[in-house]
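Student: Fold the stuff below for me.
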Amino acid sequence: MATGSAERLVRRVWAELSRAPSELDALGTLPEAPLPARLDVSGLAVGAVAAASLAAASKVGGGLGAGRLRLDGDRIAAAFTEDRVFRWNGERPDVRAPLSGFWCAADGWVRTHGNYPHHARALRRVLGVPESAGSDEVAAAIRDRRAEELSAAVTAAEGLCVVVRAEDPPVDAELLERPLIEVTSLGAASARRRPRSTDAAAAPLAGVRVLDLTRVIAGPVATRTLALLGADVLRVDPPEPAELGWQHVLMGAGKRSTILDVRRASDAATFNMLLGSADVVVLGYRPASLARHRLDPWSLVAWHPGLVIAQLSAWGFDGDEAERAGFDSLVQAASGIAFVEGEPDRPGALPAQALDHGTGYLLAAAVITLLERQSSEGGSWLARMTPRRTASELLAMPRTAELEPAAALSGHEHPAQAAEVSGAIGELRLVRPAIVLQSPLEEWPAAPHRWGSDRPEWRG
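Tutor: Numbers count the residues shown, from 1 in each chain. Here you go, the predicted structure:
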């Protein structure tokens with residue numbers, strides 16, 4: 001099922017990015033990734049990784065020959081389920097928060113997300129339960145509330161709760177009419193000439209500087225991919241709320257991390273200095289919040305023309321959607337995926353945070369493409385994606401009625417899909433990169449750093 005879906009996805013993305021159709025000759029036969037689900041998660045995963053791999057290959061030694069792309073389905077599946085492989089000093093962190101999950105309300109189901117402490121506190125306030133409340137007490141409080149009312153109240157309190165809905169074909173049909181990757185010119189700027197390497201062992205993005213203003217999965221996957229390909233990626237976070245330690249380390253290979261509070265004059269000056277010598281900015285915070293801090297794409301290129309900007313938003317970029325925070329699990333619940341993957345008496349989930357991972361790899365392909373375009377044509381460029389739009393893509397792919405009884409993900413614990421990494425923060429077990437071009441790009445370029453532990457400066 002994945003091969004046809006994956007190839008169609010790559011071809012769609014290639015057309016949207018206005019890339020040369022001849023580059024698709026390198027695709028060859030794409031593998032299946034063992035990600036069992038009723039929806040074609042394998043097709044989404046393989047197609048997204050193939051798109052990023054092809055774009056990267058175009059930057060090295062003239063690209064690949066016909067049928068030369070070689071992807072490993074098991075490796076892709078491991079990358080999409082990397083939290084199962086991840087170990088920190090021999091321990092597997094508890095990645096499931098007590099207040100994140102499906103709950104039965106008075107008239108339906110809701111899906112909450114409470115991994116971050118401030119989101120959990122907001123949910124408790126709305127429910128009127130103490131911090132010590134267990135899952136039974138939380139479940140009882142939710143059973144007394146109507147789903148729509150509770151979702152609205154939690155959202156107003158700056159928490160995260162969505163109504164679990166059935167898929168809505170007219171809504172998805174409308175979304176499918178829009179580009180999966182929306183590319184926009186943000187105005188004229190001089191080309192930043194970058195020599196094209198003819199060395200097959202060279203890192204495709206060596207010398208490229210990327211400011212990473214993202215959290216959680218989609219943005220960090222995109223920027224980690226750019227780091228794998230040689231870019232100098234510096235993640236910049238505000239001091240509050242603090243990032244979850246394990247989550248940053250899981251997604252931090254090859255990148256550095258610093259903390260700046262742009263509300264302070266000195267930090268704002270430092271950030272502007274970094275921005276002035278950046279090539280790429282990746283934005284993952286709510287669009288409305290970025291606009292209020294003048295960190296939206298249009299403000300950034302007004303100060304520094306010639307940037308390539310990649311922007312993510314869970315739901316969209318206009319109106320109420322620009323104000324809403326969201327995560328993969330919430331998009332699955334609100335788009336109908338949870339009911340497709342569930343049982344008659346309970347919603348379910350995909351075998352991976354596939355919307356975020358898939359979006360991240362596709363966004364990396366867009367960044368690589370727009371760097372090439374900027375280098376040859378000049379201009380300031382913007383690529384935008386939403387996991388909600390990615391959900392529509394997945395819902396439109398072929399699906400199966402039932403899962404194979406023997407289907408399982410335990411195989412991705414195999415050492416062949418993992419790498420043991422030693423760093424300043426301890427011993428780590430990370431998945432190997434899903435993108436495989438050639439050595440040395442088959443392993444992460446550096447161990448993750450602890451959150452906020454680096455100076456706010458570029459390498460070299």
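
Student: what residues are up against Arg256?
Tutor: 233-235, 449, 454, 459 (CB atoms under 8 Å, 6 or more residues apart in numbering). C-beta here means a position set from N, CA and C on the backbone, and glycine is covered the same way.

Student: Now intersect the residues you listed with the helices, please.
Tutor: Counting by DSSP state H, no part of these is found in helices.

Student: Turn those residues into TSV, including neighbour count and pLDDT.
Tutor: Output for the contacts of Arg256, formatted as TSV (neighbours: other CB atoms under 10 Å; pLDDT from 0 to 100):
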residue	neighbour count	pLDDT
Val233	29	98
Leu234	24	98
Arg235	29	97
His449	21	93
Asp454	17	96
Arg459	9	92
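
Student: So which of those residues is the closest to Arg193?
Tutor: Compare each of the contacts of Arg256 with Arg193 using CB to CB and the shortest gap goes to Arg459, at 20.5 Å.

Student: In CSV, list the contacts of Arg256 along with distance to Ile309.
Tutor: Output for the contacts of Arg256, formatted as CSV (distance: CB to CB, whole Å):
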residue, distance to Ile309
Val233, 15
Leu234, 15
Arg235, 16
His449, 24
Asp454, 22
Arg459, 21
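
Student: Please identify which pair of the residues you listed lies farthest apart.
Tutor: Farthest pair in those, by CB to CB: Arg235 and Arg459, 13.5 Å.

Student: A helix includes Leu362, no?
Tutor: Yes: judged by DSSP: H, G, I helix; E, B strand; the rest coil, Leu362 forms part of a helix.

Student: isn't it right next to Met385, touching?
Tutor: Yes: using CB atoms under 8 Å, Leu362 makes contact with Met385 at a distance of 6.5 Å.

Student: Between these two, tell me which one has more neighbours.
Tutor: Leu362 (31 against 23; other CB atoms under 10 Å).

Student: helices and strands of the protein: which one bottoms out on pLDDT?
Tutor: Every helix and strand of the chain was ranked by mean pLDDT, DSSP states H and E. The lowest is strand 418-423, at a mean of 86.

Student: Show me what that strand is in contact with.
Tutor: So strand 418-423 is contacted by 78, 85, 253, 427-432, 443-444, 446-449 (CB under 8 Å, 6+ apart).

Student: let's see 7 Å
Tutor: If you take CB atoms under 7 Å, 6 or more residues apart in numbering as the criterion, strand 418-423 is touched by 85, 427-432, 443-444, 447-448.

Student: Strand partners (parallel or antiparallel) of that strand?
Tutor: When pairing is defined by DSSP bridges, strand 418-423 lines up against strand 426-431 (antiparallel).

Student: Need the residues that contact the partner strand.
Tutor: 78-79, 82, 85-90, 249, 253, 417-421, 444, 447.

Student: and that strand, which residues are buried?
Tutor: 428-431 (16 or more other CB atoms under 10 Å).

Student: give the contact list for Ala269.
Tutor: Per CB under 7 Å, 6+ apart, neighbours of Ala269: none.

Student: Check the gap between the residue of the chain most remote from its centre and Leu150 for me.
Tutor: Residue farthest from the centre of the chain, counting by CA atoms, centre = their mean, is Asp144 at 34.8 Å. Computed as CB to CB, to the nearest Å, the Asp144 to Leu150 distance reads 9 Å.

Student: Cheers, nothing more for now.
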